[in-house]
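sequence and predicted structure, then a few things I'm wondering about:
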Amino acid sequence: MPLGDVLRRKTIEVVVCPACGLAAPTGSTFCNHCGIRLDDPDSQPLHIVDRATGLFNDRFIRPVLEDELARAHRYGRPLGLMLVEPVGSDSPPDGQQHPDVLKVIAAAVAGSIREVDTPGVLNREPVQLLILLPDTDMSGTAHAATRILDAVNSSLLGLECRARAGIVSIHPTQRLRAGAAIEAVSRSARLGRPELLGR
């Protein structure tokens, strides 16, 4: 490269976004990471993705669940839900999980679902991942849960814990809100049996 080109090159200055803390080019109006206005110190980032896992976070997965429940009811299609959470004998007494458990479970879930399925981090402490399985009846939900749980448990072998799952199939005639659906799938995980909501 000629020396003149090197001398004429401009160095790009960066500013730190006050909301997310990541670098944005100088002169930008909006942060290219979180989308907030850089000149507004009171702006809050609209994070919809959990940074540790790359999956949707709790603030986003609940509204998506509301939309999927409404769509399933409107078009007469079943909806399957799956909750994945780790259980293990080496859990610390304060209830916190090993820091890598969330990442390992998230990677296994992301690698074993269909393109139409939506995974999200429901809770970080204790770790809970929710997977939305649109257009999936009870047998399809059970089949997907077996496949996903096998992938998760095989990836957790080195961390001395296993995962359990709760599954719920929502009949299209049943009109539910997200909170009731999450409670049903949590109950399924605790009791170890699937639930069918609506007939």
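That came in fine, so what should we check first?

and stretch 145-154, what's buried?
For stretch 145-154, the buried set under the neighbour-count rule, 16 or more other Cβ atoms under 10 Å, comprises 145, 148-149, 151-153. Every C-beta, even on glycine, is put in place using the N, C-alpha and C of the backbone.

mind putting the residues you listed in JSON lines, secondary structure included?
Formatted as JSON lines, the buried residues of stretch 145-154 follow (DSSP: H, G, I helix; E, B strand; the rest coil):
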{"residue": "A145", "secondary structure": "helix"}
{"residue": "I148", "secondary structure": "helix"}
{"residue": "L149", "secondary structure": "helix"}
{"residue": "A151", "secondary structure": "helix"}
{"residue": "V152", "secondary structure": "helix"}
{"residue": "N153", "secondary structure": "helix"}
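
those residues: which two are farthest apart?
Spatially, the most separated pair among these is A145 and N153, at 11.8 Å (Cβ to Cβ).

shared neighbours, those two?
Common neighbours of A145 and N153 are not found (criterion: Cβ atoms under 8 Å, 6 or more residues apart in numbering).

domain ranges for the chain?
11-46, 58-197 (automatic domain parsing).

which one of these has the lowest average pLDDT?
Looking at the domains of the chain, the lowest mean pLDDT belongs to domain 11-46 (a mean of 71).

not counting its neighbours along the chain, what's nearest G198?
With Cβ to Cβ, 6 or more residues apart in numbering as the criterion, G198 has its nearest non-adjacent residue at 2.7 Å, and that residue is Q174.

nothing else from me, thank you.
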